[in-house]
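> Model the structure of this input:
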Amino acid sequence: MTNTLRGEVVRLYKTLLFLGREYPKGADYFRDRLRVAFAKNKDVRDPEKIKELISRGEFVVKELEALYYLRKYRALKKRYYDTDK
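Now for the predicted structure:
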């Protein structure tokens, strides 16, 4: 793996680890799943395959961010708007 791809993989792992702290099923659950996912692909050496896996990971980052924003929006909406009418 080239040095630039290694840096991208480490950055992606750290980002996912940070986002996993607020995961609905718990940080420990997320961390274990993340570790397994990265360990499963640790032997990949093809740069194109690594780039594909990085793009999949970035998609997961966007999905997690959307999940968190939606959860915060619902909490604020529930708090400030009366839905009983």
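
> All the strands of the chain, residue numbers only.
Per DSSP state E, the chain carries no strands over any range.

> what about the helices in it?
3-19, 27-40, 47-80 (DSSP state H).

> Include mean pLDDT and mean neighbour count when you put those into a markdown table, please.
(Glycine included, C-beta is placed from N, CA and C.) Below are the helices of the chain laid out as a markdown table (pLDDT from 0 to 100; neighbours: other CB atoms under 10 Å):
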| stretch | mean pLDDT | mean neighbour count |
| --- | --- | --- |
| helix 3-19 | 94 | 14 |
| helix 27-40 | 96 | 13 |
| helix 47-80 | 92 | 12 |
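
> do you know how far residue 45 is from residue 61?
In this view, residue 45 and residue 61 are 24 Å apart by CB to CB, to the nearest Å.

> er, residue 74 actually
Counting by CB to CB, the gap from residue 74 to residue 61 is 21 Å.

> go on, residue 21?
13 Å.

> Kindly report the same for residue 35.
16 Å.

> what do you get for residue 10?
Residue 10 is 14 Å from residue 61, by CB to CB.

> likewise residue 17?
Taking CB to CB, one finds residue 17 at 11 Å from residue 61.

> just residue 15 next, same as before
From residue 15 to residue 61 the distance is 6 Å (CB to CB).

> Ok, residue 24 next?
16 Å.
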